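1. Return atomic coordinates for the entry below.
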Amino acid sequence: MHYFDVYTKKGKIMTHRFDLKHIHKLDNPKRKSLLPPDKVLEMIGLKDGETFLDVGAGIGFFSIPASAVVGNSGKVFAVDIQPEMLDELGKRIPANVTNIQLIQSDDAGLGAFNELSDKAILSLVLHEIEKQEPFLKEIHDRLNIGGTLTIIEWLKKETEIGPPVEERMTVDDIDKLMEKVGFSGFKSIIFSDTFQVITGQKV
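-> Here you go, the predicted structure:
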């Protein structure tokens, strides 16, 4: 059983939704060892006082550690299409943390949410999006000039965990999509010989 291979089809832009029966797989020690959230946030240069947009936040794998990085003067927008995910995320936020705002998106994209952020992340979501270009454009439009989007996807090869190879994307696929909607200056890194992490800047 892979971590992310059980979905239900629904929606206009979103192709699949994560089956909530497998929610425990989103926050287990193996995933954190293969994709350490603190290291990813350090790599993308998240800083104190910045605003961070986590699209497809799930149960807070990146949102909660990001809240500690941006501090009280910063803010984290945790966006997810499933209210059950946001409910679970809300339960996991420490009582003294007040800088995370939970936002429910809709089947057509990010919905009415229109705040601007300094940095955004889209982790293990893009390959499941039906209309990828307009979805990335929505994220682009919600970033400040010079802001960055980091996309995390499975490497396009057989790995111990993850979806079938035919559902995965190459770095070139992702770079081309990001370039079409207005990102440039791409940087990429591989984590644990399993994940590719690509960052582009809004121009």
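2. distance of Ile59 from Arg92?
-> Ile59 sits 6 Å away from Arg92, taking Cβ to Cβ, to the nearest Å as the criterion. To be clear about C-beta, it is placed using only N, CA and C from the backbone, and glycine gets the same treatment.
3. between those two, who's got more neighbours?
-> Using other Cβ atoms under 10 Å, the more surrounded residue of Ile59 and Arg92 is Ile59, with 21 against 14.
4. tell me which element the more buried one is part of?
-> Secondary structure assignment for Ile59, by DSSP states H and E: no helix or strand.
5. quick one, phi psi at it?
-> Note on Ile59: backbone dihedrals following degrees, to the nearest 10 are phi -100, psi 20.
6. pretty sure it is touching Gly90, no?
-> No - using Cβ atoms under 8 Å, Ile59 makes no contact with Gly90, being 9.6 Å away.
7. Paired strands for the longest strand along the chain, with orientation please.
-> Criterion DSSP state E: the longest strand present in the chain is strand 143-154. Strand 143-154 sits in its sheet next to strand 117-123 (parallel), strand 195-202 (antiparallel), going by DSSP bridges.
8. For the last one, the averaged confidence score.
-> Put plainly, it is strand 195-202. Averaging pLDDT along strand 195-202 yields 97.
9. Can you list the neighbours in contact with the longest strand of the chain?
-> 35, 40, 44-45, 53, 116-124, 126-127, 136, 139-140, 162-163, 168-169, 174, 178, 183, 194-203 (Cβ atoms under 8 Å, 6 or more residues apart in numbering).
10. Stretch 55-62 too?
-> 18, 23, 26-27, 31, 37, 40-41, 54, 63, 78-81, 85-86, 88-89, 92-93, 100, 105, 110, 120-125, 139.
11. Secondary structure element holding Leu53?
-> Short version, using DSSP H and E: Leu53 is in strand 51-55.
12. right, I mislabeled it, should have said Leu86
-> helix 83-92.
13. Could you name the helices and strands sitting against that helix?
-> When contacts are defined as 3 or more Cβ pairs under 8 Å, 6 or more residues apart in numbering; DSSP states H and E, helix 83-92 packs onto helix 63-70, strand 75-80, strand 100-104.
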